[in-house]
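**Student:** show me the folded form of this:
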Amino acid sequence: MLDLIILSLHFFICFLISIAIWCGPKDVKSESPSTGGAETEPNDLICIGKEETIKKSQRTTAKINGREIVVFYHKGKFHALDSRCYHEGGPLCRGEIEDIDGQACIVCPWHKFKITLETGEGLYEGINPLEPSPTPKWQSKGVKQRIHKVTIDSGNVYVSPPDLSVSFDSDYFADKYRNGGELAMGK
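**Tutor:** Sure thing, here's the model as predicted:
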């Protein structure tokens with residue numbers, strides 16, 4: 001009987017959490033950069049922040065039409081991608097950047113999945129069992145993470161809204177984490 005009560009309580013709590021997420025905060029398209037949001041410019045570019053500020057911090061997060069993104073500054077270049085890992089939604093803003101075979105990659109802090117900053121490809125280390133003495137080599141899983149075009153103008157960093165006519169694995173978690181709650185950026 002106690003098992004039935006615990007199971008019922010579990011389902012009730014899950015139901016309440018689902019309602020809270022469904023009724024959570026709605027998307028705000030334009031916020032002030034000083035509050036950590038993004039400001040829409042007339043040509044559809046979205047201002048993420050000041051170039052010098054992002055260069056100093058090496059990374060920042062923002063929302064573009066409700067979609068969480070992370071912008072990295074690494075070795076003189078800006079890179080923007082969905083902020084949640086395509087694998088299980090880990091917060092890429094907390095990951096470390098590693099150089100893998102000459103490519104800058106963000107390493108997801110949850111499961112150590114590696115994603116190239118330039119293309120959004122997922123990388124893995126694999127072997128060819130047919131080789132006499134197989135050695136691990138980095139290989140591509142294909143483009144898994146949505147990247148976003150970055151533009152620098154007058155000391156500001158802008159990101160283009162995503163082209164949603166093409167889908168990527170990271171879209172699932174971008175949608176799942178869209179409304180915040182415990183799923184909000186960096187949490």
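
**Student:** how far away is the closest residue to residue 171 other than its chain neighbours from residue 70?
**Tutor:** Closest residue to residue 171 apart from its sequence neighbours, by Cβ to Cβ, 6 or more residues apart in numbering: residue 146 at 6.4 Å. (Glycine included, C-beta is placed from N, CA and C.) Residue 146 sits 11 Å away from residue 70, going by Cβ to Cβ, to the nearest Å.

**Student:** who touches both of these two?
**Tutor:** Jointly contacting residue 146 and residue 70 under the rule Cβ atoms under 8 Å, 6 or more residues apart in numbering are 81, 82.

**Student:** how about the backbone phi and psi for the residue nearest to residue 171?
**Tutor:** phi -70, psi 130 (degrees, to the nearest 10).

**Student:** contacting residues around it?
**Tutor:** Shown in contact with residue 146 (Cβ under 8 Å, 6+ apart): 81, 82, 120, 162, 168, 170, 171, 174.

**Student:** rerun at 7 Å
**Tutor:** For residue 146, the contact set (Cβ atoms under 7 Å, 6 or more residues apart in numbering) comprises 81, 82, 120, 162, 168, 170, 171.

**Student:** go on, residue 73?
**Tutor:** Counted by Cβ under 7 Å, 6+ apart, residue 73 has contacts 54, 55, 58, 59.

**Student:** now these as JSON lines including pLDDT and neighbour count?
**Tutor:** Output for the contacts of residue 73, formatted as JSON lines (pLDDT from 0 to 100; neighbours: other Cβ atoms under 10 Å):
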{"residue": "54", "pLDDT": "96", "neighbour count": "20"}
{"residue": "55", "pLDDT": "96", "neighbour count": "12"}
{"residue": "58", "pLDDT": "96", "neighbour count": "11"}
{"residue": "59", "pLDDT": "96", "neighbour count": "18"}
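
**Student:** max pairwise distance over those: which two?
**Tutor:** Within the contacts of residue 73, 55 and 59 form the most distant pair, 10.2 Å apart (Cβ to Cβ).

**Student:** I appreciate the help and will end here.
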